[in-house]
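Student: Quick one: sequence and predicted model below, then my questions.
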Amino acid sequence: MTDTPIIDVPRLELDSIIGFNGDVNAGLKVHPGREHLIYPLGNTVIIEHVTTKEFSQLSGHTNNVSCIAVSPSGNYLASGQVTHMGFKANVIIWDFHRKQQIATLSLHKVKVQDLAFSPNEKYLVTLGGQDDGSVVVWDLASKEAICGNQAQVESAGVTYCVAYSNVSDDIFVTGGDGTLRVWELDVGNRKIKATNVVMGQLKRVVKCIQMADHMAEPFFFCGTTTGDIIGINMRTRLFQVQGPKKELFSKGVTSLALLKSGDFLVGAGDGEVALAKFYKKQDKGEVLFEKKRSWKDKNLSNLSSPAITSIALRGDGHQFYVGAANSQIYRFNYSEFVSGGGDQKQINKKTGLKIEKKTQTDDKGVELVKTCHSKAVKDVVFPFGFSNLIVTCQEEEIRVWNMSTKKEILRHVVANKTCNAVCITRDGKTIFSAWDDGIIRGYGFSKDGKSLKQKFERGEAHSKGVTAISCTSDGRRIVSGGGEGQVRIWDITKSMNMKGEDVYIIKLAETMMEHKGTVSDVKITNGDLECATASNDGTCIIWDLENKRRKGIVFANTLFKCLTYDAKEVQLVTSGTDRKIGFWETHGGERIRDLDGSSSGSVNAIDLSPDGRFLVTGGDDRMIKVWTYQEGEVVGVGIGHSDSVIKVKICPNQNLIVSVSEDGAILIWKFPFTPRC
């Protein structure tokens, strides 16, 4: 049987996207029109309206986007990517208004590190990564390279960033590990000439550059891994100012933005956002550095605070957006942010001395506008019969999302562990979770509904980590699968201690050891009498939960990734690395039929619609497919993921499909068919 053609199949409509790759330095941009945010998500570029949240996807890259630039007028976008060793990494130029690709530029190898537009949009300069090491200037009119050169001398390290002059199309700056250079473009002779900045004895690794050559005294400023900011005079090409000299920014300066007032917005590697400035001391003429305001997210511990990777001004900076490495985006109102902090001086009435208060760090003027998964999303589930919430998990985290607002409402973190799977009891009161440290953890909602409270944990549940989990309808029994191939049944009883607190007792009822590989999925029938488990050993086993023994088994030449029962629970539907969707009799384990689920890569996820008429699948081909159960035909295709799909779920009221992927994205699709009553 050939793969089902999708050319003429109706496309699923994307309702919303929850995702942002915060690891890309300077990846978050505000369009000059002030109405749109621009940011990377996997191998796509997302354009999102600030108020309506309407969005567009720019798709064309073959691998993850590594850098983004917006032209001064806002007419053009440019994005670079990473690729595999030995291959060319493309730069794509986009027409912002038409949301279309204009040109693909291919010269750099492995990675495009950074790029920048010239002020009059004549040229685009692109910088290759560690395995490329070149800087190239492109003519935007002809879309051809004018000239190129090695970005650094041989004795220097990697060049990390490039910034174009604000006033000249012929000057740009690059900086990196032991290298800081001002470049002059000679278009007539198709050459670029580099002048190394004289730093004296100062040795720095530059991670970001902010041009200020449009000011009365032309400068450019560099943020360093040391935690200070250095200023270079553009006329003399000499290092001139440095700050702070004592209280350096922890974990380095990772992002810089210059305000019209001459003040800086500084992003640091420890999650700090600061308002600061250089100023001259009147009596001595000495240049000093002052931090006027500082902020860090109080909801994150100092150990888990992510680096600030982007600061994007809206207009002249009355608002600005901050992107963090943990894929969160904050919006700051400048006037409130400034008035909410700053060093204050008071007079001690007794001594007459000035007392200087420390910089305040309250949250005035700061709003968390987007929070996303920063790692692969391992699982997603809906509460039984309730479509307005989903629970997801990734490394260290379990999150609860409101599907109406598409915002995270709860998060629980277990440091240095990975949550592989989650399930929810039918009453919605308990979340069971499977962790790679071999522990099953149970959580309930706190009385105020603002946090997840741990009810119990069962250690040593599996010797090689808990990889799959499901619970019975009454929530009194758990079936878990492990990395060693065992399937275990757990009985849960609840009692009360002397303090009137609930105490949970998790007792092992049975260990079933027939799988020889990792258990990848567990499904329990509605009557709680039977369950099925899928394994990487090429078998799916049907278990009798009353007698605690095998009831049936199916074999295939594949690594099974997932399974589900049909509506009548007399058939199993499976999928895996052989790209087949298999239909099997639960009694006898006979194969009924196969469908070609994908033309490339494994099928990792499968779910049955509540009315039993449709299947939804997702996998390494990055597509979501809706199939009719009886006919086995593809009746809807969703194209939008930029990495392998790990799980798919249809909501209980059959209005939406939620799919999650390796790049941390959550995509929400409109289900195209009305459920049958």
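Tutor: Thanks, I have the structure now.
Student: so what's residue 139 bridging to?
Tutor: residue 123, residue 144 (DSSP bridges).
Student: got a list of what it touches?
Tutor: Contacts for residue 139 were tallied using CB atoms under 8 Å, 6 or more residues apart in numbering; they are 122-123, 145-146. C-betas here are computed from N, CA, C, even on glycine.
Student: What about those, which one has the most neighbours?
Tutor: In terms of neighbour count, residue 123 stands highest of those at 21 neighbours, by other CB atoms under 10 Å.
Student: Need the per-residue pLDDT for that residue.
Tutor: Model confidence at residue 123, given as pLDDT, is 98.
Student: Going forward, count from 7.
Tutor: Done: numbering now begins at 7, and the last item shifts to residue 129.
Student: thinking it is in contact with residue 191, fair?
Tutor: Yes: using CB atoms under 8 Å, residue 129 is in contact with residue 191, at 7.2 Å.
Student: list the residues that contact both of these two?
Tutor: Listed contacts common to residue 129 and residue 191 are 143, 152, 175; contacts here mean CB under 8 Å, 6+ apart.
Student: Could I get the contacts of residue 145 in TSV, plus columns for distance to residue 647?
Tutor: Converted to TSV, the contacts of residue 145 look like this (distance: CB to CB, whole Å):
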residue	distance to residue 647
128	36
129	34
151	33
152	37
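Student: between the residues you listed, which is closest to residue 54?
Tutor: Among these, residue 129 lies closest to residue 54 (CB to CB), at 28.1 Å.
Student: ok, now which ones touch the closest one?
Tutor: Counted by CB under 8 Å, 6+ apart, residue 129 has contacts 123, 143-146, 152, 175, 191.
Student: What's opposite residue 156 in the beta bridge?
Tutor: Under the criterion used here (DSSP bridges), residue 156 is bridged to residue 140.
Student: Oh, that last question was meant for residue 264, not what I typed.
Tutor: residue 270.
Student: swap in the one 10 residues further on?
Tutor: According to DSSP bridges, residue 259 are recorded as the beta-bridge partners of residue 274.
Student: how about it, what does it touch?
Tutor: Applying CB under 8 Å, 6+ apart, the residues contacting residue 274 are 233, 255-260, 280, 313-314.
Student: Filter these down to the ones in strands?
Tutor: If you go by DSSP state E, these have 259-260, 280, 314 in strands.
Student: In this structure, mark out all the helices, start to finish.
Tutor: All helices of the chain, identified by DSSP state H, fall at 340-345.
Student: on that earlier part again, what two of the contacts of residue 145 are the furthest from one another?
Tutor: 128 and 151 (13.8 Å).
Student: Among the contacts of residue 129, which one sits closest to residue 406?
Tutor: Distances from residue 406 to the contacts of residue 129, taken by CB to CB, are shortest for residue 123, at 41.2 Å.
Student: For beta bridges, what are the partners of the closest one?
Tutor: With DSSP bridges as the rule, residue 123 is bridged to residue 130.
Student: Would you agree it is in contact with residue 74?
Tutor: No: here residue 123 lies out of contact with residue 74, judged by CB under 8 Å, at a distance of 11.2 Å.
Student: what ranges of this structure fall below the confidence cut-off?
Tutor: 7-13, 288-291, 307-310, 347-368, 505-506, 683 (pLDDT under 70).
Student: quick one, domains of it?
Tutor: Annotated domains of the chain cover 7-21+603-682, 375-598 [the TED database].
Student: Kindly reformat the ones you listed as CSV containing mean neighbour count.
Tutor: Formatted as CSV, these follow (neighbours: other CB atoms under 10 Å):
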stretch, mean neighbour count
domain 7-21+603-682, 19
domain 375-598, 18
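Student: Show me how far stretch 650-662 is from its chain's centre.
Tutor: Put simply, stretch 650-662 sits 19 Å off its chain's centre (CA atoms, centre = their mean, to the nearest Å).
Student: That one spans what distance, first to last residue?
Tutor: 20 Å (CA to CA, to the nearest Å).
Student: likewise stretch 382-396?
Tutor: 16 Å.
Student: Looking at the contacts of residue 129, which is nearest residue 104?
Tutor: Looking across the contacts of residue 129 and measuring by CB to CB, the closest to residue 104 is residue 146, at 15.9 Å.
Student: List the contacts of that closest one.
Tutor: Residues near residue 146 by CB under 8 Å, 6+ apart: 82, 99, 123, 127-130.
Student: quick one on the thing from earlier: looking at the domains of the chain, which is nearest to residue 117?
Tutor: From those, taking CB to CB, the stretch that ends up closest is domain 7-21+603-682, at 16.7 Å.
Student: can you tell me which of the shared contacts of residue 129 and residue 191 are in strands?
Tutor: Secondary structure defined by DSSP E assigns 143, 152 of these to strands.
Student: which of the shared contacts of residue 129 and residue 191 lies closest to residue 614?
Tutor: Set against residue 614, the nearest of the shared contacts of residue 129 and residue 191 by CB to CB is residue 143 (55.1 Å).
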